[in-house]
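A.B. asks: Here's my sequence, what's the structure:
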Amino acid sequence: VDYYWVQNAKLPGTMGAEENSFSATVLRAAARRNQYEPLITLGVQSEYQGGLEAAGIQLGAYAALMQGIKRFSYYLYGPRYGATENYFSDSYAHVKAVHDFNADIAAADEVLYNGTLRRARVALVFSHSDDIWNQLGVVSPNVPPTNNKSSSSLFLERRATYFALRHAGYAVDIVSERDVADGWLTDGKYKVAYLSASHLHSDATQPLADWVAGGGTLVASVGAGLFDQFNQPQEALKPVYGISDATITSHHPDLGLKSLSDASAADTLTLASNAPIGPGVAFDAVGYTLSIAVDASSGAEVIGQFGNGDPGALKNTFGQGTAYLLGALPAIAYIRDGYGGADTYTTSVAGSKLAPYHPLRFEPALRGLIHDPVTLAGVARDVSFSGLLLEGGLIESDDQMVIPVGNFNVRPQSGVTVSITDVPPLASVESAALG
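C.D. replies: So this is what the prediction gives:
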């Protein structure tokens with residue numbers, strides 16, 4: 001294998017240009033073990049071919065660049081009569097977008113190529129076992145397999161968690177269940193891990209428990225890895241959460257971004273006013289819910305309830321670490337509020353494919369619930385911005401650094417303050433656009 005690649009997100013059911021950030025992070029995870037070179041294919045297409053608007057090409061490129069992608073492909077320039085698709089010679093706006101991005105990276109090419117993306121301290125656990133079973137519609141042994149699903153609500157929760165954490169300004173790595181089994185959470189010095197999976201390989205459960213006991217913070221929702229790769233119950237994580245048992249109920253097992261607006265809430269989960277994460281936050285339980293039986297001997301604290309008063313969220317101290325268990329899917333609720341509500345806020349600026357969401361409808365309090373465990377664990381933002389939905393990455397070489405920035409708010413923002421942590425005094429600062 002010479003490289004892994006992914007095509008630029010341009011289809012319905014994605015987060016538009018921002019989807020490239022997620023795709024690039026997946027590529028980094030896939031390439032990391034064998035040190036392959038990730039490549040992102042931007043698929044520059046004119047809009048009438050189904051491609052992103054020209055502004056989306058440039059923003060999508062920056063979304064990948066900020067995740068450390070070093071190789072880019074634009075498919076082909078054209079002309080139209082020489083190809084059936086993926087050409088852009090007929091659109092001056094697209095040609096200019098490619099030119100402008102190339103000019104920007106040329107100004108910092110040496111640092112970008114030789115530099116290294118600063119390591120994240122937040123891990124998003126991806127479970128291959130979960131993907132296999134969820135594609136069959138299975139989340140527990142008592143749920144019979146159905147036809148293959150085109151999407152999984154738990155996969156969407158993982159994806160939505162990524163976007164919520166990035167909206168909050170935190171760097172995120174994707175770590176597979178195999179990585180967890182091999183001790184990468186400890187070796188990588190991760191402080192917080194998010195787990196939204198009903199199934200987790202049995203080789204990974206004890207290393208995950210040991211990592212929490214050693215001081216890590218685990219944030220789990222609904223499935224919580226309570227079933228193994230053979231769809232059988234496993235006990236290793238129950239003491240971590242402070243539970244004796246838990247039952248998953250399926251409401252909408254195959255949610256995707258396009259179907260979110262059609263999914264009705266099965267319940268409401270409300271965090272206590274004194275909860276350490278998301279105090280007082282209430283959100284719709286969509287997709288799955290988890291009925292939790294608390295182990296009275298564990299000392300686990302109920303920090304949230306469903307509408308009927310049943311436990312909906314727990315905090316448990318396990319060894320030197322902390323585990324949070326949520327009986328609903330907060331990231332889906334977060335994305336659901338803003339996705340598909342683009343109306344004139346974004347379409348009047350750059351088009352619906354670039355940003356198929358309304359930035360002002362992503363609820364800050366719900367985003368806070370998702371990232372509060374990171375804040376409490378003492379994880380600092382590598383680079384942060386005073387504006388709305390501004391994201392960046394910190395790429396460092398021996399004596400220089402580059403910060404690619406993407407404005408996923410779409411509209412221009414002025415007076416933005418950029419803050420960088422853990423860096424020596426800066427001798428000079430230069431903007432690729434402004435000098």
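A.B. asks: which stretches of the stretch 151-300 of the chain form strands?
C.D. replies: In the stretch 151-300 of the chain, the strands defined using DSSP state E, counting those that start in this stretch lie at 173-176, 192-195, 217-221, 243-250, 267-271, 282-285, 288-294.
A.B. asks: Let me have the ones you listed in JSON lines, adding mean pLDDT and mean neighbour count as columns.
C.D. replies: C-beta: built from backbone N, CA, C; applies to glycine. What follows is those, written out as JSON lines (pLDDT from 0 to 100; neighbours: other CB atoms under 10 Å):
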{"stretch": "strand 173-176", "mean pLDDT": "96", "mean neighbour count": "21"}
{"stretch": "strand 192-195", "mean pLDDT": "98", "mean neighbour count": "26"}
{"stretch": "strand 217-221", "mean pLDDT": "97", "mean neighbour count": "26"}
{"stretch": "strand 243-250", "mean pLDDT": "94", "mean neighbour count": "17"}
{"stretch": "strand 267-271", "mean pLDDT": "97", "mean neighbour count": "21"}
{"stretch": "strand 282-285", "mean pLDDT": "96", "mean neighbour count": "22"}
{"stretch": "strand 288-294", "mean pLDDT": "96", "mean neighbour count": "21"}
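A.B. asks: can you list the ones you listed in TSV and add distance to A328?
C.D. replies: Written out in TSV, the entries for those read as follows (distance: least, CB to CB, whole Å):
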stretch	distance to A328
strand 173-176	23
strand 192-195	14
strand 217-221	7
strand 243-250	11
strand 267-271	4
strand 282-285	4
strand 288-294	6
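A.B. asks: where does the stretch 201-350 of the chain have low pLDDT?
C.D. replies: 340-350 (pLDDT under 70).
A.B. asks: Mind jotting down where the helices sit in the stretch 101-250 of the chain?
C.D. replies: For the stretch 101-250 of the chain, the helices identified by DSSP state H, counting those that start in this stretch occupy 109-114, 128-135, 153-167, 177-181, 184-187, 202-213, 238-241, in order along the chain.
A.B. asks: wait, which of those is closest to G406?
C.D. replies: Comparing the helices of the stretch 101-250 of the chain against G406 with CB to CB, the closest turns out to be helix 153-167 (9.6 Å).
A.B. asks: and the closest one with helix 128-135, angle?
C.D. replies: With axes from the mean of the first three to the mean of the last three CA atoms, to 10 degrees as the criterion, the two stretches helix 153-167 and helix 128-135 enclose an angle of 120 degrees.
A.B. asks: tell me what helix 153-167 is packed against?
C.D. replies: helix 19-32, strand 122-126, helix 128-135, strand 192-195, helix 330-338, helix 364-376 (3 or more CB pairs under 8 Å, 6 or more residues apart in numbering; DSSP states H and E).
A.B. asks: Quick one: closest of these to V429.
C.D. replies: Put simply, out of the helices and strands packed on helix 153-167 the one that sits nearest V429 is helix 19-32, at 23.7 Å, with distance taken as CB to CB.
A.B. asks: just the angle between that closest one and helix 153-167, please?
C.D. replies: Here helix 19-32 points in a direction 100 degrees away from that of helix 153-167 (the same axes, to 10 degrees).
A.B. asks: how about helix 19-32 as CSV, C-alpha atoms only?
C.D. replies: Extracted in CSV, the C-alpha atoms of helix 19-32 (Å, rounded to 0.1, in the frame of the first residue of the first chain):
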residue,chain,number,x,y,z
GLU,A,19,-16.7,16.3,6.6
ASN,A,20,-13.1,16.3,5.2
SER,A,21,-11.8,17.0,8.7
PHE,A,22,-13.5,13.8,9.9
SER,A,23,-12.4,11.8,6.8
ALA,A,24,-8.8,13.0,7.2
THR,A,25,-8.8,12.0,10.9
VAL,A,26,-10.0,8.5,9.9
LEU,A,27,-7.2,8.3,7.3
ARG,A,28,-4.6,9.3,10.0
ALA,A,29,-5.9,6.5,12.2
ALA,A,30,-5.7,4.0,9.4
ALA,A,31,-2.3,5.0,8.3
ARG,A,32,-0.7,5.5,11.7
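A.B. asks: Off-centre distance for that helix?
C.D. replies: Here the centre of mass of C-alpha atoms in helix 19-32, compared against the chain's by CA atoms, centre = their mean, to the nearest Å, lies 10 Å away.
A.B. asks: Pick the most deeply packed of the helices of the stretch 101-250 of the chain.
C.D. replies: helix 153-167 (a mean of 25; mean count of other CB atoms under 10 Å).
A.B. asks: check contacts around the residue nearest to the spatial centre of the chain.
C.D. replies: Closest to where the C-alpha atoms of the chain average out (CA atoms, centre = their mean) is Y162, at 1.3 Å. Counting by CB atoms under 8 Å, 6 or more residues apart in numbering, Y162 touches 22, 25, 124, 172, 174.
A.B. asks: Could you report the neighbour count for the second one?
C.D. replies: I take that to be T25. Counted with other CB atoms under 10 Å, the neighbours of T25 add up to 25.
A.B. asks: Next, find the distance separating Q232 from R178.
C.D. replies: To R178, Q232 is 19 Å away according to CB to CB, to the nearest Å.
A.B. asks: who's in contact with G338?
C.D. replies: Applying CB under 8 Å, 6+ apart as the definition, the contact partners of G338 turn out to be 357-362.
A.B. asks: Drop anything exposed from those.
C.D. replies: Among the contacts of G338, those classed as buried by neighbour count (16 or more other CB atoms under 10 Å) are 357-359, 361-362.
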